[in-house]
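Asks: can you look at this prediction? I've put the sequence above it.
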Amino acid sequence: MSTTPKTAKLPDNDLKPVPYRGPSGDEVLALTQEYLNLGIITYIPQSPQYCGW
């Protein structure tokens with residue numbers, strides 16, 4: 001009996017994601033600081049991995 005899990009092969013595709021057209025991270029941060037309470041801003045993570053900045 002084999003204990004190695006079976007893996008499924010995904011079908012090939014030519015899907016290309018649409019480029020992001022929204023505001024930059026700096027613009028979002030500036031708007032956040034302008035319009036949100038400091039208590040809320042404290043809990044917004046500013047990690048590049050999380051926010052994509």
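Replies: Happy to help now that I have it. All figures in this text were calculated on a predicted structure; none of them were measured in a lab.
Asks: contacts and neighbour counts: CA atoms only from here.
Replies: Fine.
Asks: CA atoms of the lengthiest helix in the chain as CSV?
Replies: Counting by DSSP state H, the longest helix found in the chain is helix 25-35. Taking C-alpha atoms only, helix 25-35 is exported to CSV below (Å, rounded to 0.1, in the frame of the first residue of the first chain):
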residue,chain,number,x,y,z
GLY,A,25,-0.5,52.1,-1.9
ASP,A,26,0.7,55.5,-1.0
GLU,A,27,-2.6,57.1,-2.1
VAL,A,28,-4.6,54.5,-0.2
LEU,A,29,-2.6,55.1,2.9
ALA,A,30,-3.0,58.9,2.6
LEU,A,31,-6.8,58.6,2.2
THR,A,32,-6.9,56.1,5.2
GLN,A,33,-5.0,58.6,7.4
GLU,A,34,-7.3,61.4,6.3
TYR,A,35,-10.6,59.8,6.7
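Asks: how near is R21 to E34?
Replies: Separation of R21 from E34 (Cα to Cα, to the nearest Å): 22 Å.
Asks: ok, those two, which is more surrounded?
Replies: Set side by side, R21 and E34 show more neighbours around E34, with 10 against 6, by other Cα atoms under 10 Å.
Asks: separation between that one and S24?
Replies: For E34, the distance to S24 - Cα to Cα - is 15 Å.
Asks: sorry, back to before: what average pLDDT does the longest helix of the chain get?
Replies: What helix 25-35 shows for mean pLDDT is 84.
Asks: looking at the protein, which helix or strand is least sure?
Replies: In the chain, no helix or strand scores lower on mean pLDDT, DSSP states H and E than helix 48-51, which sits at a mean of 50.
Asks: in stretch 11-27, which residues are buried?
Replies: By 16 or more other Cα atoms under 10 Å, stretch 11-27 has no buried positions at all.
Asks: start to end distance for it?
Replies: 38 Å.
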